[in-house]
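Participant: could you look at this predicted model? Sequence included:
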Amino acid sequence: MRARVWRRTLVMALAVELAAVMSMADVGDLLRQNSIAVVEPPVGAADFNLPLLAGGSGSLSDFQGQWVLLTFWASWCGPCRMEMPTLEKLHQQREGSAIAVVGVSVDSSRELAASFANELQLSFPQFWDETGSVGADYRASAIPLTYLIDPAGQVVGTSRGARDWSMLEPMLDSLPGVATVDIASAGYTQPGPLELPAVLDPPTAEVLLVEESHRVGKDFHLDIRMHWVGTLEEYLPQPPKVRLPEGVSIENIVASTDSREGGNVVSYRVTLRANRAGSFALDPVELRYIPRSTGAPVVSLVDGPTVDIQPSGLKAVKPGQVALAGGVLTLLTGATLVYLRRGSAAEAVPDSELERYQGLRDRFDACRALRLEGRAGELALTLAELELELADDDENERLRLEGLIESLRFGGQVPPSSELDRAQRSVERQIEDLRPDPDQVVRSRLQIGKETS
């Protein structure tokens, strides 16, 4: 009798162990079905102890025994702002269950991180990575970034980019129960870099100034060379964003692709112009791209250079050159003076105004083509960008347009047709208001003739 009970107990134990192995083996397929990159084999999650935004401090290993969604974010990250409410919703649905949602802010300022969390009313635990060391260990140079950690403390999956996590309820319901996971197995490790597959590395970039000297009112160029490991189809690059100081503007961005030494490269040449002399930090540069596996936008920051802009024209002349220049100027004839007067009058309609008008007009004509092709999302984004460029000094309107552009670029929202009609009419009217008066050129030339006769 005892032997029969012992055999039955042994069979049941083997069955439970086999069920646990099968369940954990199925996790990889489950994650792939939901566009989550599988970490094979799983690696121990690097433990850390960090301050909490709500006060006090805590460790990642405090959550051992639960499935953990560990997400890295920052207040400057547009996709993070889009994703966070879905993680909060998931937290409220799962609070007190075997699944914990945990955040780590990689902001350099605790105040900014706390303000962001308060604004979005985030109630799940939020750590602040004060030194950036934890973000470095977890390769959080591109965010949002989320890891799935099993109850034993092993990283089994990772997801880059904003997504609606509340839609993954069926996947989370299918995860093996805590009882089937060997909590005593090797899991949380000492702090240090995770040994993840190289293919999970995000894109990075080098940023270089092209010209050696730079003048006020003259174009200069910034080369941004973005590259990553893997195939060219792995990421869909988006135009980068350079955070510009006041006095510097972007004139154009041109992209080109390349593949070298097994790594993929997308290069951007950004044309810039400064309207005053000085030293300007073109920093940071915001890389934007979309992993094709998820279709979710991701951003990362890389360091940008500092450019020294020198004065143009007579302002650039050094004091030691004034005497020589004065001697030359005394030799100028009256004919030269007339020539200069003519050039000054001819600038009544500057070429820059005509060029700006024509550039805006070309972009608006491209909007019409987008509408004919039925590409409403691209049309809405282009019109919003044009409206922002044409906006006056109304700060509230500029903030509204910046928010609209962010939601169109990262949220996939498309305004109704009536709103597109309004925006299209408004943009066309504002562009036409900038059309130079051709008669003004004729009047300028007649005036020159009167002055020189």
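Facilitator: Great, that's in hand.
Participant: please name the nearest non-neighbouring residue to residue 405.
Facilitator: In this structure, residue 405 finds its nearest non-sequential neighbour in residue 384, 4.9 Å apart by C-beta to C-beta, 6 or more residues apart in numbering. Every residue, glycine included, has its C-beta placed from N, CA and C.
Participant: the one you found: neighbour count?
Facilitator: When neighbours are defined as other C-beta atoms under 10 Å, residue 384 has 23 of them.
Participant: isn't there a strand covering it?
Facilitator: No. Residue 384 is assigned helix when assessed by DSSP: H, G, I helix; E, B strand; the rest coil, not a strand.
Participant: when you give positions from now on, start the count at 885
Facilitator: Yep, numbering from 885; the last one is residue 1268 now.
Participant: quick one: it and residue 1287 touch, right?
Facilitator: No. Between residue 1268 and residue 1287 there is no contact under C-beta atoms under 8 Å: 9.7 Å.
Participant: now the strands for the stretch 985-1134 of the chain?
Facilitator: 1010-1012, 1026-1027, 1029-1033, 1038-1044, 1088-1093, 1103-1113, 1119-1126, 1132-1144 (DSSP state E, counting those that start in this stretch).
Participant: for the fifth one, packing partners?
Facilitator: By that I understand strand 1088-1093. strand 1103-1113, strand 1169-1175, strand 1182-1186 (3 or more C-beta pairs under 8 Å, 6 or more residues apart in numbering; DSSP states H and E).
Participant: out of these, the one nearest residue 1000 is which?
Facilitator: Set against residue 1000 and scored by C-beta to C-beta, the helices and strands packed on strand 1088-1093 come closest in strand 1182-1186, at 14.7 Å.
Participant: could you export that closest one as CSV, CA atoms only?
Facilitator: Below are the C-alpha coordinates for strand 1182-1186, written out as CSV (Å, rounded to 0.1, in the frame of the first residue of the first chain):
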residue,chain,number,x,y,z
VAL,A,1182,11.4,54.4,-30.3
VAL,A,1183,13.6,57.4,-29.5
SER,A,1184,17.1,57.7,-28.2
LEU,A,1185,19.5,60.6,-27.5
VAL,A,1186,23.0,61.0,-28.7
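Participant: that one: partners in the sheet, and parallel or antiparallel?
Facilitator: Note on strand 1182-1186: by DSSP bridges, its sheet partners are strand 1026-1027 (antiparallel), strand 1169-1175 (antiparallel).
Participant: just name the most buried of those.
Facilitator: strand 1026-1027 (a mean of 25; mean count of other C-beta atoms under 10 Å).
Participant: which other residues reach that strand?
Facilitator: 956-958, 961, 963-964, 990, 1044, 1086-1087, 1171, 1182-1184 (C-beta atoms under 8 Å, 6 or more residues apart in numbering).
Participant: please redo it, this time with the cut-off set to 10 Å
Facilitator: Residues external to strand 1026-1027 that are found in contact with it (C-beta atoms under 10 Å, 6 or more residues apart in numbering): 955-958, 960-961, 963-964, 967, 988-990, 1019, 1044-1046, 1085-1088, 1112, 1171-1173, 1175, 1182-1185.
Participant: just to revisit the earlier point, so what's the residue nearest to residue 1289 up against?
Facilitator: 1284-1293, 1299, 1307, 1311.
Participant: try it again with 8 Å
Facilitator: 1285, 1288, 1289, 1292, 1307.
Participant: cool, and residue 976?
Facilitator: Contacts of residue 976 by C-beta under 8 Å, 6+ apart are residue 1007.
Participant: ok, it to residue 955 distance?
Facilitator: 15 Å (C-beta to C-beta, to the nearest Å).
Participant: what pLDDT does the residue nearest the centre of the chain get?
Facilitator: In the chain, the centroid-proximal residue (C-alpha atoms, centre = their mean) is residue 1183; its distance is 3.2 Å. Model confidence at residue 1183, given as pLDDT, is 89.
Participant: you'd agree it is up against residue 1174?
Facilitator: No. With contact defined as C-beta under 8 Å, residue 1183 does not count as touching residue 1174 (10.4 Å).
Participant: could you dump the strands paired with strand 1182-1186 into CSV and include distance to residue 1254 and mean pLDDT?
Facilitator: Shown next, in CSV, are those (distance: least, C-beta to C-beta, whole Å; pLDDT from 0 to 100):
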stretch, distance to residue 1254, mean pLDDT
strand 1026-1027, 29, 92
strand 1169-1175, 19, 86
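Participant: residue 1002: which of those is closest?
Facilitator: Per C-beta to C-beta, nearest to residue 1002 of these: strand 1026-1027, 19.4 Å.
Participant: all the helices of the chain, residue numbers only.
Facilitator: All helices of the chain, identified by DSSP state H, fall at 886-917, 962-978, 994-1003, 1017-1021, 1053-1058, 1206-1213, 1218-1230, 1235-1256, 1260-1274, 1279-1295, 1301-1317, 1322-1336.
Participant: nice, that's everything, thank you.
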